[in-house]
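>>> Got a predicted structure here, sequence first:
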Amino acid sequence: MRHRLRDPVTGLLFVLPVFVLFLIFRIFPSLGAAGMSLTNWNIGGEWSFVGADNYARLLGDVNFWLSLRVSLVYAAIYVPLTVLVALGTALLLNQVVFMRGLFRGMLFLPYVTSFVLAGIVWRWIYEFDGLINGLIGKLGLGPVAFLEQASLVLPALAVVSVWKGFGYSMLILLAGLKSIPASYLEAATVDGAGAWQKFRRITLPLLKPTLFFVLVIETISAFQVFDTIYVMTGGGPARATYTLIYGIYDHGFRSFDFGYAATWGVVLFAIVLAVSLIQRRFLDRGNT
Amino acid sequence: MTLTSSSTASRPLARDRAAGRAPRRRARWPLAVLLAVLSVLTVAPFLAMLIVALSPAGQPTLPARWPETLTLDNLTRVLSASGFVEWTVNSLVYSVVSVVVILLTASMAGYAFAKKRFPGRDTMFWTFLATMMVPFQATLIPTFVLVNSLDGVDTFWGLIVPTLANSQAVFLMRQFIMGLPDELFDAAKVDGASELRVYLTIVVPLTRPIMATLGVFVFLWHWNDFLWPLVVGQSDATRTLTVGLTTLRTEEMQLSMLMASATISVIPCLLVFFLLQRYLVNSIAMTGFK
């Protein structure tokens, strides 16, 4: 009897620290983002209610549409590339026994480092007198302006993010591959199936849920790229790398136009939510 | 006689091996070579960074040519440069305090969510999970305005406290503790153990593996974190290493010094990686932790 009374009180007490932290620093700002997007909040903390003005401004803002396009193009390059690299390396790790642990560790290594470090090292790699131009210069090629050319800069940035992050998806896919029963593949071998057929007819269908999870995670992270852009391009050249997040930072902490910056944040949230909901729908359909 | 019979008996086996196994092995070594090449390419940027960091200042190095000698001069010069040690200490404080507080609060909450009944428990838990859907960048502005209005900008609490509400940590702890048998907790209660005692003598020791994993991830998240420290840490007093590194410009600084700074910043990550790789790898595979 005493326990029944004691349980709710201690339960609440144990949750209390986390509850307070969440209420103040996650839930309140989440609601606050929506609220602030309806104001003209500025650096001095003065604000007045402006209704949907920020959203109207957003729809008429050339730079918003430009940044949406940059984010979409970046995602369109980054997501397939990282999934392909992760899948390829996972398949290799699943096949090769020789020094597997070492190779897995080497491929995973960039994941534990920071995007800032990746940005600093790769900025040098891409520079005119940097690593790549130095190497291709010896072959009589180049120099290539990777970060100064609008057409090359997004692929160049995508490569950096792929390098930094593919190890995570690789490990998820490797776990997915390991869960495929060996007997299926052996049976197919006995029936005379080739490597490609086995991959196409057995591995790929069974790996689909894992692949989908990776696809969604990587799509969301594509829309969240910031650190490498801050370090390597600063949104340039000519706004070619001015993504949605960069827009939030730029409006918030360069122009101190907090109300409008919050509006960009709401759009980012809407996109991430849409990606998650689409994923849900696909998964539900896959299960029935 | 016995010899010949055994040799004829082994012949089909050998033929089997030739027909069945050897082709497979022959088919696989190119894959091993490909894997080795990809692995070396992946670590190559780190090696290049290290070589430049160890090159004597003012002498030609990569990509023009290999340095003739290597030296630790750049590393020691970076460590004596103003700001750098301060940033490193700040990053350590940011990461270690976060690890301690998140492990403590998340394991307490995880225990309550998993094993206690109290009003609003499930609503509260799912609300926490729902906040996972809101990317931090989307709430960057209101969080900054909130911390600013509490005079938390450029303070340690302003840097650390907003990052302590970690839904992934709470979720993981709850899932793990739910798997622990109820009988353990009932037995302790029958023995009249206080709740604090149950937490300290049952929850903490039994969750040690998941605490280790979570601790590693929280450390890496905070050590590598950038956007929040960038907007909150506005002077050297609270600036973390990632933010400090971005203030170093190649125009004002030799490349070898920049790479030496980068090298030092990655050492804790490498330590974590070499000591705890197994934890990291297993937990990503099992929980999809990111």
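In hand now; what should we look at?
>>> hey, let's count contacts and neighbours off CA atoms from now on
Noted.
>>> Give the buried residues for the helix or strand where residue A:197 lies.
Per DSSP states H and E: residue A:197 is located in helix A:195-198. For helix A:195-198, burial by neighbour count (16 or more other Cα atoms under 10 Å in any protein chain shown) applies to residue A:198.
>>> so does it get close to chain B?
No: judged by Cα under 8 Å from any Cα of the partner chain, helix A:195-198 stays clear of chain B, getting no closer than 10.5 Å.
>>> which residues are in contact with the next helix or strand after that helix?
Per DSSP H and E, the first helix or strand lying C-terminal to helix A:195-198 is helix A:204-222. When contacts are defined by Cα atoms under 8 Å, 6 or more residues apart in numbering or on different chains, helix A:204-222 is touched by residues A:71, A:74-75, A:78-79, A:82-83, A:169, A:172-173, A:176-177, A:180, A:272, A:275-276, A:279, A:283.
>>> Give me the most central residue, the chain.
With no chain named, the answer covers chain A. Nearest to the mean C-alpha position of chain A, counting by Cα atoms, centre = their mean, stands residue A:221 at 1.2 Å.
>>> other chain: chain B
For chain B, the residue whose C-alpha lies nearest the mean C-alpha position (Cα atoms, centre = their mean) is residue B:220; its distance is 3.2 Å.
>>> Now whichever strand or helix holds it: buried residues?
Element membership for residue B:220 (DSSP H and E) is helix B:208-224. Residues of helix B:208-224 classed as buried by neighbour count (16+ other Cα under 10 Å): B:210-211, B:213-224.
>>> just how off-centre is it within its chain?
6 Å (Cα atoms, centre = their mean, to the nearest Å).
>>> Now tell me what touches the helix or strand following it from outside.
Per DSSP H and E, the first helix or strand lying C-terminal to helix B:208-224 is helix B:227-232. Residues from elsewhere that reach helix B:227-232, judged by Cα under 8 Å, 6+ apart: A:226-227, A:253, B:140, B:144, B:153-155, B:158-159, B:239-240, B:243.
>>> Can you tell me which of the residues you listed lies closest to residue A:160?
Within the contacts of helix B:227-232, the smallest distance to residue A:160 is 11.1 Å, found for residue A:227 (Cα to Cα).
>>> Can you tell me which helix or strand of chain B has the lowest average pLDDT?
One helix or strand of chain B scores below all others by mean pLDDT, DSSP states H and E: helix B:2-16, with a mean of 41.
>>> OK, contacts around the residue nearest to the centre of chain B?
Under the criterion of Cα under 8 Å, 6+ apart, the neighbours of residue B:220 are A:112, A:113, B:95, B:269.
>>> Out of the contacts of helix B:227-232, give me the one that has the most neighbours.
Per-residue neighbour counts (other Cα atoms under 10 Å in any protein chain shown) across these peak at residue B:240, which has 32 neighbours.
>>> Surely that one touches residue B:85?
No: judged on Cα atoms under 8 Å, residue B:240 makes no contact with residue B:85 at a distance of 10.0 Å.
>>> rewinding a little: which other helices and strands contact the helix holding residue A:197?
Under the contact criterion of 3 or more Cα pairs under 8 Å, 6 or more residues apart in numbering or on different chains; DSSP states H and E, helix A:195-198 touches helix A:182-190.
>>> Next, the buried residues of the helix it packs on.
Buried, per 16+ other Cα under 10 Å, within helix A:182-190: A:185, A:188.
>>> quick one: contacts of it?
Under the criterion Cα under 8 Å, 6+ apart, residues A:198, A:202 lie in contact with helix A:182-190.
>>> now it: mean pLDDT?
For helix A:182-190, mean pLDDT is 86.
>>> Select the helix or strand of chain A having the lowest average pLDDT value.
helix A:2-22 (a mean of 80).
>>> buried ones in whatever helix or strand comes next after that one?
Going down the chain from helix A:2-22, the next helix or strand is helix A:28-36, by DSSP H and E. Of all the residues in helix A:28-36, those buried under the rule 16+ other Cα under 10 Å are A:29, A:30, A:32, A:33, A:34, A:35, A:36.
>>> Run through the chain and note the low-pLDDT ranges.
I'll assume chain A. A:1-6, A:283-288 (pLDDT under 70).
>>> that answer is for a different chain, and I need it for chain B
B:1-27, B:250-252, B:287-290.
>>> now the angle from the longest helix belonging to chain A to helix A:204-222?
If you go by DSSP state H, chain A has its longest helix at helix A:62-95. Going by axes from the mean of the first three to the mean of the last three Cα atoms, to 10 degrees, helix A:62-95 is angled at 140 degrees with respect to helix A:204-222.
>>> by contact count, what packs against helix A:62-95?
Counting contacts by 3+ Cα pairs under 8 Å, 6+ apart, helix A:62-95 packs against helix A:100-108, helix A:150-178, helix A:204-222, helix A:244-253, helix B:22-53.
>>> got the angle for that helix vs helix A:150-178?
Following the same axes, to 10 degrees, one obtains 40 degrees for the angle between helix A:62-95 and helix A:150-178.
>>> which one of the buried residues of helix B:208-224 is nearest chain A?
Chain A has its nearest neighbour among these in residue B:224, at 4.6 Å by Cα to the nearest Cα.
>>> Might one say that that closest one is in contact with residue A:110?
No: counting by Cα under 8 Å, residue A:110 is not a contact partner of residue B:224; they are 11.8 Å apart.
>>> Smallest gap between the stretch 151-288 of chain A and chain B, at which residue?
Ranking the residues of the stretch 151-288 of chain A by distance to chain B (Cα to the nearest Cα) places residue A:265 first, at 4.0 Å.
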